[in-house]
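Student: The following comprises the amino acid sequence and a computationally predicted model.
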Amino acid sequence: MPRPRLREPKSNPNMNCSCPVIIILAGLLWSAAAPAQDIFAGRGVYENHCASCHGPDGRATMPSTPHFIDGMGLYASDSDLIRVIRFGKNLMPGYDRALKESEILNVISYVRTLRR
Ligand code: HEC
């Protein structure tokens with residue numbers, strides 16, 4: 001007569017660690033709470049460095065300056081805009097020394113909100 005097989009120990013559901021799920025959820029919450037680009041910080045950069053020509057609301061106050069309110073100058077990719085902001089273009093000064101890369105990314109996010 002065969003011996004009764006030992007039953008596999010049933011895994012205790014309480015021992016099933018849901019830690020990975022919790023860690024992933026926490027990570028998602030964290031990334032939502034701290035976006036890579038901070039539009040509000042970008043607004044401060046804009047008001048300090050850019051509004052004098054581009055206008056507080058994106059209506060440019062200087063000749064030959066694009067009106068962000070009409071979306072002018074904003075069709076370019078972020079990498080093109082980073083280049084213009086760092087090194088300047090014609091009458092637009094470069095901000096390579098004045099602004100950190102994070103500030104440039106923040107101000108790009110902000111100017112993209114000025115289009116109406
Ligand atoms: C002294 C005036 C002046 C200031 C200050 C200024 N800009 Fe400009 N900006 C210009 C002019 C003029 C142009 C148009 C350049 C061209 O195409 O000839 C321009 C163009 C741009 C463009 C469009 C680039 C493109 O390729 O069409 C962006 C984006 C931009 N500026 C962002 C900024 C940001 C961000 C700041 C602040 C960090 C800033 N500008 C500060 C004058 C200025």
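Tutor: Thanks, I have it.
Student: switch to C-alpha atoms for all contacts and neighbour counts from now on
Tutor: Fine.
Student: Got the phi and psi for the residue nearest the centre of the chain?
Tutor: The centroid of the chain falls nearest to residue 37 when counting by Cα atoms, centre = their mean (2.4 Å). The phi and psi values for residue 37, taken as degrees, to the nearest 10, are phi -110, psi 130.
Student: what's the nearest residue to it if we skip its chain neighbours?
Tutor: Leaving aside its sequence neighbours, residue 37 sits nearest to residue 106 (Cα to Cα, 6 or more residues apart in numbering; 5.0 Å).
Student: Any residue of stretch 40-54 touching the ligand?
Tutor: Yes. Stretch 40-54 lies within reach of the ligand by Cα under 6 Å from any ligand atom, at 46, 49-50, 52-53.
Student: Residues contacting that stretch, please?
Tutor: Contact partners of stretch 40-54, identified using Cα atoms under 8 Å, 6 or more residues apart in numbering, comprise 56-58, 60-62, 65-68, 103-111.
Student: List the buried residues for it?
Tutor: 42-46, 50-51, 53-54 (16 or more other Cα atoms under 10 Å).
Student: cool, stretch 102-113 as well?
Tutor: 103-113.
Student: And for stretch 56-66?
Tutor: For stretch 56-66, by 16+ other Cα under 10 Å, it's 56-60, 65-66.
Student: near the ligand, which residues of this structure show up?
Tutor: So far as Cα under 6 Å from any ligand atom goes, the chain lies against the ligand at 46, 49-50, 52-53, 64-66, 73-74, 81, 84-85, 89-93, 107.
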